[in-house]
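J.: My questions concern the predicted model and sequence given below.
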Amino acid sequence: MGTFKVHQEDSDDTLSKVRRLRLDVRSKQVYTPRRALNLSPGDYNSESKLIKNKKVRGINETYKLITKQKLEDNNSDPESDAKFGRTLRFLSNPAYGEEFNLLIFSYENKDSKTNKFYNTIPSSEEIQRICETIVHPSSDVIVPPRISGLSGIQYCDFLDLFFDQLKSHSFDQTIFGFVPFVARNELPNLFDLYKKYGITSFVVDFESHNPIDVYALVGLIHRLSQQISLDYSEDVYLHGLNIPFTRIKNRIDVTPAKDIVTLTMGFDSFGSTHLPDKLPLEVVQKIKEKMARAHSSYGHTSESNIGQVPEVFRIFNRADYGYYRSDIPNLIFGDESDVSINFSSIYVENISREKRRGIRKGFNVERQALEAVDLQRVILEDSLLPYLENKKHARDIVKRIASVNSST
């Protein structure tokens, strides 16, 4: 039973963990490497809704937080249940029907009102409600929920209970394994459990850490998943979850883009982080505004914004894998054909803050998605390592990329 099949069509001779896969998802096909686009309920500025370029589309990642209280409300109140269902009805939109739709829930049963400040292993009743919720007809696969704060041992205990209850539900989707961000010494037991259930594709949660910074963890994940691949004679698919944009010191004009190199470390796709900044948003914004006022010259202004300090943001340049400050004087990146978000639009200030940020984030994501499509060609040419060495701001991390690819 399943709706998802992985076929490895090629791998790169210079970086062996990087593959070109064909994903057969129900009656549709998607090729990797691929940049997943965030398809957020109710957010008209999410990546998948802004980026229309069919060349780069193919995987939509929907991430939704659900609490124990919400599950209880949905179970006891039909209006609450219907309202919740409506928040996900966009998944049935024909516009996304030809793409791979990946629905991931994050579950919380902590409750500060009752002095329960940490998540715990869900009860049998909670797991029953979780199973009822995550078996969504428009999601192409089933992914066990993310439960932050659980150790690897606790998550294994949860999975045994989860899979036991899931088998009583009717579904035709393939089951993926969810790999939480836990200690390395806890991963072998987790992968042994997934092997027991015949699971060969995985969503790996990096919890807002760049994979290149936890390269030893990545190497272990490859070894463990490869063993499952050999045991079942099935090709493995790895998706990176909660990959952050590179953390950058504000005063640095350009810094290496660590997020895009996820695709050169054996992950077939990845999406943006859904987790909040560790600092409160207002603190982050005050810091950004303070740093922006410290610079007297700006590369771009608009008449409607004269007298105001433009917000400084970062711009991805796929020509050299650098993230550039937006206020560098005379900074210009040429637009490519068929892009949905052009360079000039990211400097428009006289729109809402949410739309402005959505456009700026979407610009970077679309360029990463274009780069992912180009990587498919580079893999076919067996030239990925020299290709990366020609990216000015990737050169310093090429050794770590090569190390992950050579791990066995």
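T.: Yes, it's here.
J.: Show me what stretch 36-46 is in contact with.
T.: Outside of stretch 36-46, the residues within contact range by CB atoms under 8 Å, 6 or more residues apart in numbering are 47-49, 51, 57, 59-64, 87-88, 90-91, 96, 101-102, 239, 269-272, 274, 354-355, 357-359, 362, 365, 369. Placement of C-beta: from N, CA and C, glycine included.
J.: Only the buried subset of those, as a PyMOL command please.
T.: In PyMOL syntax, the buried subset of the contacts of stretch 36-46 is picked out as below (16 or more other CB atoms under 10 Å):
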select buried, resi 47+48+49+51+57+59+60+61+62+63+64+88+90+91+96+101+102+239+269+270+271+272+274+358+359+362+365+369
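J.: Show me the contacts of stretch 36-46 that map onto strands.
T.: Among those, the residues falling in strands (DSSP state E) are 59-64, 101-102, 239, 269-272.
J.: where does the closest residue to F84 other than its chain neighbours land in three-state SS?
T.: Distances taken as CB to CB, 6 or more residues apart in numbering place N74 nearest to F84, at 5.3 Å, with adjacent residues excluded. Under DSSP: H, G, I helix; E, B strand; the rest coil, the three-state class of N74 is helix.
J.: N74 contacts T87, correct?
T.: No: using CB atoms under 8 Å, N74 is not in contact with T87; the gap is 11.2 Å.
J.: just to revisit the earlier point, the residue nearest to F84: what's it in contact with?
T.: Neighbour list for N74: 80-81, 84, 129, 133 [criterion: CB under 8 Å, 6+ apart].
J.: low-confidence ranges in the stretch 201-350 of the chain?
T.: Applying pLDDT under 70 to the stretch 201-350 of the chain picks out residues 248-249, 278-309.
J.: Can you tell me the centre-most residue of the chain?
T.: What sits nearest the mean C-alpha location of the chain, by CA atoms, centre = their mean, is G271, with 2.0 Å.
J.: Any figure for the gap between that residue and E61?
T.: Distance of G271 to E61, computed by CB to CB, to the nearest Å: 4 Å.
J.: Next: T255.
T.: To E61, T255 is 25 Å away according to CB to CB.
J.: F267 now?
T.: Using CB to CB, one obtains 13 Å as the distance from F267 to E61.
J.: what sits in contact with each of those two?
T.: H239.
J.: re earlier: what is in contact with G271 and E61 at once?
T.: Counting by CB under 8 Å, 6+ apart, the shared contacts of G271 and E61 are 36-38, 239, 241.
J.: For the residues you listed, which single residue is the most surrounded?
T.: The most crowded member of the shared contacts of G271 and E61 is L241, carrying 30 neighbours; neighbours defined as other CB atoms under 10 Å.
J.: So what does that residue look like in phi/psi?
T.: When read as degrees, to the nearest 10, the backbone of L241 gives phi -110, psi 150.
J.: Please give me every residue in contact with the residue nearest to it when sequence neighbours are not counted.
T.: Of all residues not flanking L241 in the chain, D205 sits nearest, at 4.7 Å (CB to CB, 6+ apart). Contacts for D205 (CB under 8 Å, 6+ apart) come out as 146, 178-181, 241-242.
J.: 10 Å - rerun?
T.: Applying CB atoms under 10 Å, 6 or more residues apart in numbering, we find D205 in contact with 104, 106, 146, 148, 178-182, 239-243, 273, 275.
J.: Report the separation between D338 and D140.
T.: Applying CB to CB to D338 and D140 gives a distance of 26 Å.
J.: So between those two, which is more surrounded?
T.: D140 (23 against 11).
J.: how much space between that one and V30?
T.: Counting by CB to CB, the separation of D140 from V30 is 10 Å.
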